[in-house]
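# the sequence and its predicted three-dimensional model are supplied below.
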Amino acid sequence: KKGVPVLLMDVKGDLSGVAKPSAGEAFIHARHEKLNFPFEASAAPVEILSLSEENGVRLRATVSEFGPVLLSRILDLSDTQSGILSIIFKYCDDNHLPLLDLKDLKQILQYSTG
């Protein structure tokens with residue numbers, strides 16, 4: 001509402017509802033009355049960006065741009081797997097090896113375990 005752009009990662013697709021104003025549910029009105037805070041349903045301007053073939057503006061990002069932490073979360077890796085991925089990223093950075101796509105990541109993983 002203040003004109004500050006916000007980037008939200010909506011992996012499951014449940015945040016896209018902010019593009020439409022709420023119809024207002026009884027429990028929402030009740031909660032706002034308890035807080036003495038008026039409920040004002042409004043829509044927010046939304047631009048959907050997509051990394052896949054889904055609807056939205058096609059966003060291109062390299063594996064390196066994701067980084068080991070975000071990629072670990074996206075892939076739902078364990079702590080051990082995340083640590084190994086961080087080491088792989090560090091090795092690639094130190095040796096100036098680009099990680100552009102998942103094929104590059106697969107190759108470096110095969111190299112490191114072979």
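Ah, there it is.
# what is the burial count for the closest residue to residue 45 other than its chain neighbours?
Beyond its immediate neighbours in the sequence, the residue positioned closest to residue 45 (C-beta to C-beta, 6 or more residues apart in numbering) is residue 19, lying 7.9 Å away. All C-beta spots, glycine's among them, are computed from the backbone N, C-alpha and C. Applying other C-beta atoms under 10 Å, we find 12 residues neighbouring residue 19.
# helices of the protein, residue ranges please.
Along the chain, the stretches classed as helices by DSSP state H are 26-35, 63-74, 79-94, 102-113.
# other SSEs contacting the first one?
In other words, helix 26-35. Using 3 or more C-beta pairs under 8 Å, 6 or more residues apart in numbering; DSSP states H and E as the contact criterion, no helix or strand is in contact with helix 26-35.
# quick one: average pLDDT of it?
Helix 26-35 shows an average pLDDT of 90 in the prediction.
# and the residue nearest to residue 45, what is it in contact with?
Residue 19 makes contact with 43, 44, 45, 46, according to C-beta atoms under 8 Å, 6 or more residues apart in numbering.
# out of the helices of the chain, which one sits most buried?
Of these, the one with the most neighbours on average (mean count of other C-beta atoms under 10 Å) is helix 63-74, at a mean of 16.
# per-residue pLDDT, residue 74?
pLDDT, read off for residue 74, is 87.
# I'd guessed residue 15 sits against residue 8; true?
Yes: contact criterion C-beta atoms under 8 Å: residue 15 and residue 8 qualify, at 5.4 Å.
# the more surrounded of those two?
Set side by side, residue 15 and residue 8 show more neighbours around residue 15, with 12 against 8, by other C-beta under 10 Å.
# OK, contacts around that one?
Residue 15 makes contacts with residue 8, as judged by C-beta under 8 Å, 6+ apart.
# can you pull the pLDDT of it?
80.
# cool, and residue 18?
82.
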